[in-house]
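*Asks:* The following block contains a protein sequence and its predicted model.
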Amino acid sequence: MTTMTRPAARRKLAIDRFRERRSLDRAAVDRFLARHEVPVVEGSRCTFVHRGEAEQVQLIHRTVGLPEHLPLARISGTDLWYVVVELPEGSRFEYQLEVAIDGRRDRFNDPLNHRLAHSPMGSTSVCFARGYQIPEWTQPHPEARPGELLELMVPSRALRRDTQVSVYLPARFRRTARYPLLVVHDGEDFLNYASMRTVLDNLVHRLEVAEVIVAFINPGDRLVEYANSLAHARYLATELVPSLEADFPLLGNRAGRCLMGSSFGAVAALSAGYRYPQLCSSMILQSGSFVFTDIGNDHGGGPVFEPVVRFVNRYRAAPRKVADRIFSSCGVYEPLIIPNRSMVHTFETAGMSVRYVEARDGHSWENWRDRLQEGLSWIYPGPQKYFYE
Amino acid sequence: MRHPVILLGPQRTPALDAVVHSMDLDGQIATITAGWQEREPDDEELDDQLDGRGVNLSLYERWLDVQERDQEFAAAERRLRALLDDVQQLYLLRLDHGLRAVYDVQQHGDPAPLHANAVTEAIEAVRVLDEQHLERISDVHNQFYQRWPPHERPVIAHHRAEVARLLEDTAALVITGGHVGVLVTTMHLFNVSAALDAPVIAWSAGAMALTDRIVLFHDRAVQGPGNPELYGRGLSLLRGVVPLPHASGRLLLEDGARMSVFARRFAPARCVLLEAGTRVDTDSEGSCPVGTRVLATDGRVSVLEAA
């Protein structure tokens, strides 16, 4: 006998119940907005709304798989516009609104949504779909002792400039101990937009990540230095790391070094390891801009990607061991998801151990922040297994 | 001399005072809080539980002093640590394959007798690996101590003498939890077991450090369940017991198959659960009283009954 259960009736969305009201005056819109947090998240359906006179309102985003411009519909008799988007559980969705009035188009963050995501390019509104929560370890914890951040200037002949490096020392730093090293590309952005200092304090405090010295480095011309540049690789291998190992109590061996980067920063890390295989034993590569072509040269990335594509094509043709272990992550909503998935096999072919993680997120600093626990605790596991309080 | 060894559950809600009163101890009580590392001196609450009779042996502070004042030894100790880390990594690599084989065979199923034998043999292979690892670690330690005899290092000898003096008239030794590796290292370095002639009360990492084989375990780590691993030998003041502090918080006790492998792997040692409120009165031979909660070889938590 087969038992069948009737599927639970799908509850009407708040916006649909609102639309069905007989009287839709200004006060009704006021009450609707006062009652609901915007976007209105109901199961996997998220209702985005905008209020105001306009000829057209669109939701703009960069999530792969959805039309880039999602038009909002006006509810007749009101100045309220809406669109319902299905967002799978656990999604983070960044967006802006584009409003056309009198032939002019203005793009801005959703004034009805207080949640913002920040990046060097500015801010965007963000919708937390059902099931997404900001990880608690990204927020300051009163019991986590803060590490120290030192500002250094490391002169570089390779890069022909002085480089500014922020060095994180863990809370219980001792000169007589020896620490592993993590070099983070786009360091200032990781500190500012991925809360990396707080994350390190918390994860070290929670014993999930080993006490580690972290060098946050910053590019000059990012699209040049991080796009498979020999000068940058030489800077890392022959200037920065030796300088840090001379000044700080570091393990000073390949096993005790890790390079990390996101987007172009991931290319810079991979490229440095490719040129200097003895530099580090592990890498954290987030949403790497590993754009390649299998045939022809239409990669769609524009001129700045040319050196990257040449490098990645060469690497994929003859994969080489650049480290022992690679933690790789990518958002499933970013255009780089296919290249990143493809690279997992390439890395494994070269004999490296790969931990690959995907998230329902885009090419964003908060995506990279949210993967830090998994990445750092895999590369430099903390002493949790030794602690029994 | 056979002294009582009392194992307690985690002391988040302290019950040490009641234990001490029940033992009718006179005089000062030595304490080791080295597992707390830089928080070692924060022992006011512990001392309150001991009616102000606690004397902290300050082993972590002494170890830091050795790091500062005998830098040659400290550097050698760091090299030892690095070598032991390498040995441990190689062991973990092999252990991962060994345990995966056990779990795979375990899930393979029928036919029953053939299957049971295969599981037993797979576990036996892991037990052999464990033994080899313990021997290797012992060899590395022995070579280190031959090359760097601690008693010939003036700074260490000085601290050893002080620790021995403090332990001379102690009514008992209390060892708290914390970092089990730090506890074992400091207790070995300052020769605690040689100078000790008193009952011991210990919990969490302190309990683990007393044993002849320290088993690290964490099934609920960020990266998923880790393989229970042998870390090395403790003080061997307690034999035949694998203490499992915070067992329900750290182990997948509901996974009977996994727990069965755990218990069979370390048998005949008893895997003793040390949860909040637990008190197990034992001795150096690891005898456990009726009522002790242990992990049985069938993977279930059972309670020891009268023979």
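*Replies:* Done, it's in. Numbering: from 1, shown residues only, chains lettered A, B, ... in the order given.

*Asks:* what about residue B:280, is that helix, strand or coil?
*Replies:* strand (DSSP: H, G, I helix; E, B strand; the rest coil).

*Asks:* show me what contacts the residue lying closest to it once chain neighbours are set aside?
*Replies:* Leaving out its chain neighbours, the residue that sits closest to residue B:280 by C-beta to C-beta, 6 or more residues apart in numbering or on different chains is residue B:7, at 4.4 Å. The way it works is simple: take the backbone N, C-alpha and C, and place the C-beta from them, glycine included. With contacts defined as C-beta atoms under 8 Å, 6 or more residues apart in numbering or on different chains, the neighbours of residue B:7 are B:202, B:203, B:207, B:238, B:241, B:243, B:272, B:274, B:278, B:279, B:280, B:282.

*Asks:* tell me the contacts of the closest residue to the first one other than its chain neighbours?
*Replies:* Closest residue to residue B:202 apart from its sequence neighbours, by C-beta to C-beta, 6+ apart: residue B:175 at 4.0 Å. Contact partners of residue B:175, counting by C-beta under 8 Å, 6+ apart, are B:31, B:32, B:35, B:183, B:200, B:201, B:202, B:203, B:206, B:207, B:209, B:210.

*Asks:* Any chance of the residues you listed in TSV with pLDDT as columns?
*Replies:* Below are these laid out as TSV (pLDDT from 0 to 100):
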residue	pLDDT
B:31	98
B:32	98
B:35	98
B:183	98
B:200	97
B:201	98
B:202	98
B:203	98
B:206	98
B:207	98
B:209	98
B:210	97
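
*Asks:* Compile those into TSV and extend it with columns for distance to residue A:304, secondary structure and neighbour count.
*Replies:* As requested, the contacts of residue B:175 are exported to TSV (distance: C-beta to C-beta, whole Å; DSSP: H, G, I helix; E, B strand; the rest coil; neighbours: other C-beta atoms under 10 Å in any protein chain shown):
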residue	distance to residue A:304	secondary structure	neighbour count
B:31	63	strand	27
B:32	60	strand	28
B:35	53	helix	30
B:183	55	helix	34
B:200	67	strand	27
B:201	66	strand	25
B:202	62	strand	27
B:203	59	strand	29
B:206	58	helix	31
B:207	59	helix	32
B:209	57	helix	33
B:210	62	coil	29
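
*Asks:* hang on, the earlier thing: kindly state the beta-bridge partners for the residue nearest to residue B:280.
*Replies:* residue B:202, residue B:280 (DSSP bridges).

*Asks:* For residue A:213, see how far away it is.
*Replies:* The spacing between residue B:7 and residue A:213, counted by C-beta to C-beta, to the nearest Å, is 38 Å.

*Asks:* Please enumerate residues in contact with the strand or helix carrying residue A:59?
*Replies:* Here residue A:59 is covered by strand A:56-61, with elements defined by DSSP states H and E. With C-beta under 8 Å, 6+ apart as the test, strand A:56-61 has contacts from A:48, A:50, A:68-72, A:74, A:81, A:83, A:85, A:93-100, A:107.

*Asks:* just checking, next helix/strand downstream of it?
*Replies:* strand A:69-71.

*Asks:* tell me the contacts of the residue nearest the centre of chain B?
*Replies:* The centre of chain B sits closest to residue B:208, judged by C-alpha atoms, centre = their mean, with a distance of 1.8 Å. Counting by C-beta under 8 Å, 6+ apart, residue B:208 makes contact with A:388, B:180, B:214, B:215, B:234, B:243, B:245.

*Asks:* So which of these sit within strands?
*Replies:* Mapping those onto strands (DSSP state E) picks out A:388, B:214, B:215, B:243, B:245.

*Asks:* so the residue nearest to residue B:202 bridges to which residues?
*Replies:* Beta-bridge partners of residue B:175, as defined by DSSP bridges: residue B:32, residue B:202.

*Asks:* the helices in chain A, which residues?
*Replies:* Counting by DSSP state H, chain A has helices at residues A:14-19, A:26-35, A:187-193, A:196-205, A:222-225, A:230-234, A:241-247, A:264-275, A:306-317, A:337-349, A:365-370, A:372-379.

*Asks:* Next, the angle from the last one to helix A:196-205.
*Replies:* The reference is to helix A:372-379. Angle of helix A:372-379 versus helix A:196-205, following axes from the mean of the first three to the mean of the last three C-alpha atoms, to 10 degrees, is 50 degrees.

*Asks:* So is helix A:372-379 next to chain B?
*Replies:* Yes - applying C-beta under 8 Å from any C-beta of the partner chain, one finds helix A:372-379 touching chain B at A:373, A:374, A:377, A:378.

*Asks:* So which residues make contact with that helix?
*Replies:* A:135, A:137-138, A:182, A:194, A:196, A:199-200, A:203, A:208-209, A:212, A:258, A:260, A:282, A:284, A:286, A:325, A:327, A:329, A:355, A:357, B:221-223.
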